[in-house]
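In: How does the following fold in three dimensions:
(one chain, ligands or ions: 1)
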Amino acid sequence: MGKACRARRSRTAYAGSPGHLKIFMIEAEAIHLVRQHFESLFPKTCANCGHQYATLRDYILNTKRLGGALSYDAEDGDWSTPEPVGSQALANCACGSTLALTTDGMALPSRLALLEWLKAETHRRGVSSSALLETMRDVIRQQVVADADA
Ligand SMILES: [Zn+2]
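Out: Numbering: from 1, shown residues only. The predicted structure follows:
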């Protein structure tokens, strides 16, 4: 007993959201949720050249990643919105057109939980929401590329 009992995460970061859903999400859950949602967006067709990306893996391997994934709500400091606008990550199609993966269409409770997670984690790590989303994106890309069956 003693030092090992010290909580790894400070709960004080959650104190400022009265009445809000207190879903405590861990990183693996957040990543799983976003990955699952993004996989559900495929097949996806480029509106410019008509190329169809069959799977998320196909998309990751055959588009050019653009940096700066962002959460509109976090960028606006709108942490307690009941209706999050969501997040997006951009990439370029081989034709040069810009494609986006977004959290549009994700269930509202999931989007709220993700925003809550983003708020807590950016605070805990002392990084911007965009930096945290890019880190999350790195992990999802690694997972999906490593998963040959995807
Ligand atoms: Zn294209």
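In: Please, where are all the helices along this structure?
Out: Assigned by DSSP state H, the helices in the chain fall at 27-39, 56-62, 72-75, 108-125, 129-146.
In: what does this structure have sitting close to the ion?
Out: Applying C-beta under 5 Å from the ion, one finds that the chain approaches the ion through 46, 48-49, 51, 93, 95, 97. No exception for glycine: its C-beta is placed from N, CA and C like everyone else's.
In: Tell me where the model's unsure across this structure.
Out: Within the chain, the ranges that satisfy pLDDT under 70 run 1-24, 149-150.
In: How about the contacts made by Ser97?
Out: 46-49 (C-beta atoms under 8 Å, 6 or more residues apart in numbering).
In: So among those, which ones count as buried?
Out: By neighbour count, with 16 or more other C-beta atoms under 10 Å, these hold Cys46 as buried.
In: Isn't Ala94 up against Cys49?
Out: Yes. Counting by C-beta atoms under 8 Å, Ala94 touches Cys49, with 7.5 Å between them.
In: so what's the residue nearest to Glu39 when sequence neighbours are not counted up against?
Out: With sequence-adjacent residues excluded and distances taken as C-beta to C-beta, 6 or more residues apart in numbering, Glu39 is closest to Leu56, at 4.8 Å. Applying C-beta under 8 Å, 6+ apart, we find Leu56 in contact with 35, 38-39, 41-42, 144, 150.
In: Okay then, goodbye and thanks.
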